[in-house]
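**Q** When you get a sec, could you give me coordinates for this:
(one chain, ligands or ions: 1)
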Amino acid sequence: MKAVRKAVIPAAGLGTRFLPATKTIPKEMLPIIDKPTIQYVVEEAVDSSLNEIVFVTRKGKNSIEDHFDTDLELERALQGKETLLKTVRAVSRMISITSVRQKEPLGLGHAVLVTKHAIGDEPFGVCLGDDIILGETPCMRQLLDVYESTGCSVVAVMEVPWETVSRYGLVSIRNEGASSGNYFEIEDMVEKPAQSEAPSNLAIIGRYLLTPGIFEALEATTAGALGE
Ligand code: UTP
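**A** Down below sits the predicted model:
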């Protein structure tokens, strides 16, 4: 089984729901307390042992790569302020960065597809850049553990209240309870169904562990009703 080394972080969306905040500031760079959202996501990947990060960005989103790059001028200005210097250095040393452009916002599947050449023929993680997931064991680490014992692609799901299922992508599962751990085999996925048609209340959230076969599947996928 091939080892997982890379995490793709899609961050090339237009962020329209947060306008006007996101007119010039990427949604993924909006801060929560003293860190941009995407830093929490990167820290989860690193805590899960994935520190080769492939960002998917677009025009106007260079601040994402810059945030994780070295800023020598800033480091010089912080000489003598050891705590701040340590904080700034830790961010710039956290990951190795590859950046891929998604030239049109054609959706999440397309954002993953444009990383094909950066990923190559190996399994990889995907962490949505605007989605923070907290847990004692990092969510991506949990997916890696399942991948390492099954060799399969894995998606993270979350139980949501039944009244809200029509807002999510949901999975239907086979052999419920048969697996020894906290994972199940997925039979099907359905996007935003009416509550009466929902196969479960298990919603797909922003973490995936994908085998490279996903690229062929994405290439064979045509746009849906919304053009994505
Ligand atoms: P969202 O659908 O939440 O982000 O995608 P969005 O498209 O920016 O938001 P709205 O709908 O306009 O408000 C989840 C993640 O996937 C990325 C986004 O940047 C976000 O981090 N994404 C989405 C892409 O990289 N490319 C896309 O074409 C769409």
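**Q** Just the buried positions in stretch 118-125, please.
**A** Residues 118, 119, 123, 124, 125 are the ones in stretch 118-125 that count as buried (16 or more other CB atoms under 10 Å). All C-beta atoms are positioned from the backbone trio N, CA, C, and that covers glycine.
**Q** Counting neighbours, what do you get for the residue in the chain positioned nearest to the ligand?
**A** The chain approaches the ligand most closely through residue 13 (2.1 Å), counting by CB to the nearest ligand atom. For residue 13, the count of nearby residues is 23 (other CB atoms under 10 Å).
**Q** can you count the residues close to the nearest residue to it once chain neighbours are set aside?
**A** Nearest non-adjacent residue to residue 13, counting by CB to CB, 6 or more residues apart in numbering: residue 105, 5.9 Å away. Using other CB under 10 Å, residue 105 has 16 other residues around it.
**Q** One more: residue 58?
**A** Count around residue 58 with other CB under 10 Å applied: 17.
**Q** Please apply the same query to the one 3 residues further on.
**A** Taking other CB under 10 Å as the neighbour definition, residue 61 ends up with a count of 24.
**Q** Same question for residue 195.
**A** Neighbours of residue 195 (other CB under 10 Å): 11.
**Q** quick one, what contacts it?
**A** 162, 163, 165, 166 (CB atoms under 8 Å, 6 or more residues apart in numbering).
**Q** Now the buried members of these.
**A** Buried members of the contacts of residue 195, scored by 16+ other CB under 10 Å, are residue 165.
**Q** Need phi/psi at the most centrally placed residue in the chain.
**A** In the chain, the residue lying closest to the centroid (CA atoms, centre = their mean) is residue 127, at 1.4 Å. Phi and psi for residue 127, reported as degrees, to the nearest 10, are phi -130, psi 120.
**Q** about what we covered before: strands - which of the buried residues of stretch 118-125 land there?
**A** When DSSP state E is applied, the buried residues of stretch 118-125 are split such that 124, 125 fall in strands.
**Q** how about CSV for the buried residues of stretch 118-125, with distance to residue 21 added?
**A** As requested, the buried residues of stretch 118-125 are exported to CSV (distance: CB to CB, whole Å):
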residue, distance to residue 21
118, 29
119, 31
123, 35
124, 30
125, 28
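**Q** need the buried residues of stretch 118-125 in a markdown table with pLDDT and distance to residue 3, can you?
**A** Formatted as a markdown table, those follow (pLDDT from 0 to 100; distance: CB to CB, whole Å):
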| residue | pLDDT | distance to residue 3 |
| --- | --- | --- |
| 118 | 98 | 17 |
| 119 | 98 | 13 |
| 123 | 98 | 8 |
| 124 | 98 | 11 |
| 125 | 98 | 12 |
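**Q** want to throw the buried residues of stretch 118-125 into CSV with distance to the ligand?
**A** As requested, the buried residues of stretch 118-125 are exported to CSV (distance: CB to the nearest ligand atom, whole Å):
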residue, distance to the ligand
118, 14
119, 15
123, 20
124, 15
125, 14
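**Q** rewinding a little: against residue 108, how distant is the residue of the chain closest to the ligand?
**A** Per CB to CB, to the nearest Å, residue 13 is found 8 Å from residue 108.
**Q** same question, residue 4
**A** From residue 4 to residue 108 the distance is 19 Å (CB to CB).
**Q** between the two, who's got more neighbours?
**A** Using other CB under 10 Å, the more surrounded residue of residue 4 and residue 108 is residue 4, with 22 against 18.
**Q** helix, strand or coil for the more buried one?
**A** coil (DSSP: H, G, I helix; E, B strand; the rest coil).
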